[in-house]
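Colleague: Provided below for reference: sequence and predicted model.
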Amino acid sequence: MAKKCSLLAFIVMLAGLMMAPAVVHAASAGAFRQQYGLLSYIPPAWFLEGCFIAREKNPNYVFGPVQDFVAALGGKTTWLIEDLELEHLEQTANEGKSLEYSVFLEAVTSDKVQYWVFVVLPHENAQAWFDARRAFHGRKASGYYGETQRQLEHALRQGLKIKAELRFLIEKGATSLQVPEDVIMGEYNIQPIFDLGAGSRMDPAAKNQ
């Protein structure tokens, strides 16, 4: 009987040690959500099915779809949006307008919590994408985004539906200084589907190399 009790106590202790990191990360995620007013959110299907770039200025590649990126991360993932952002989004939708807005992809694994910040792009063409930047940056937009606009126009003519920009990665409450494009290719081996520099689709076989 004593041996059974000792074995049971050991199993309970072992289970507790295995669950501890998950509990800690869950608590961390909850605190982050509360701090920034993040709410659970279901993104539109066209966003999840669309492609994305992962560098704000002069991206090298197009990745996608977004839903494939989510699956590749593994762990538990949840889409979130800031409460004020959601309020603004609903207001503009009622007015029949569309706008860019940010969503957070919370990814919780056994050893860390990450937040991938996407900008949702509702634009139907590269000119509309550029106009949104010109409205914010004024005359500086041409010099800063002109080449990117040209690249996106070519990609869209190839039939790609670019519906998001992966803007930031947040880890341990701090925004990473690394460009998301470099992170997802280097650390996660996520391969692009279109080379913006060459203006051509990537060889599917390259994904297995």
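Modeller: Noted; the coordinates are in hand. Being a predicted model, the structure only gives us computed values, none of them experimental.

Colleague: distance of the closest residue to residue 61 other than its chain neighbours from residue 146?
Modeller: Closest residue to residue 61 apart from its sequence neighbours, by Cβ to Cβ, 6 or more residues apart in numbering: residue 192 at 3.3 Å. Quick note: C-beta positions are derived from backbone N, CA and C, even for glycine. Distance from residue 192 to residue 146, counting by Cβ to Cβ, to the nearest Å: 22 Å.

Colleague: Tell me which of those two has more neighbours.
Modeller: Shown here are residue 192 and residue 146; by other Cβ atoms under 10 Å, residue 192 has more neighbours (22 against 13).

Colleague: Confirm for me that the more buried one is in contact with residue 68.
Modeller: No: using Cβ atoms under 8 Å as the test, residue 192 is too far from residue 68 to be in contact (11.7 Å).

Colleague: what about stretch 49-68, start to end distance?
Modeller: From its first residue to its last, stretch 49-68 covers 8 Å (Cα to Cα, to the nearest Å).

Colleague: Can you give the contact residues for it?
Modeller: 43, 47-48, 69, 118, 144-145, 147-148, 151-152, 155, 160-167, 179-181, 184-185, 190-197, 202 (Cβ atoms under 8 Å, 6 or more residues apart in numbering).

Colleague: Sketch out the strands for this structure, chain order is fine.
Modeller: 38-40, 51-53, 61-62, 76-82, 101-108, 113-120, 162-171, 174-175, 194-195, 200-201 (DSSP state E).

Colleague: Between these, which one is closest to residue 126.
Modeller: With Cβ to Cβ as the criterion, residue 126 lies closest to strand 162-171 of the strands of the chain, at 8.6 Å.

Colleague: Please report how far residue 74 lies from residue 98.
Modeller: 32 Å.

Colleague: These two: which has the busier surroundings?
Modeller: With neighbours defined as other Cβ under 10 Å, residue 74 and residue 98 compare such that residue 98 has more, 15 against 11.

Colleague: Backbone torsions only: list them for the more buried one.
Modeller: Residue 98 has phi and psi values of phi -120, psi 150 when expressed as degrees, to the nearest 10.

Colleague: quick one, helices of the chain?
Modeller: Ranges of helices within the chain are 2-36, 45-49, 66-73, 83-94, 126-137, 140-157, 180-186, based on DSSP state H.
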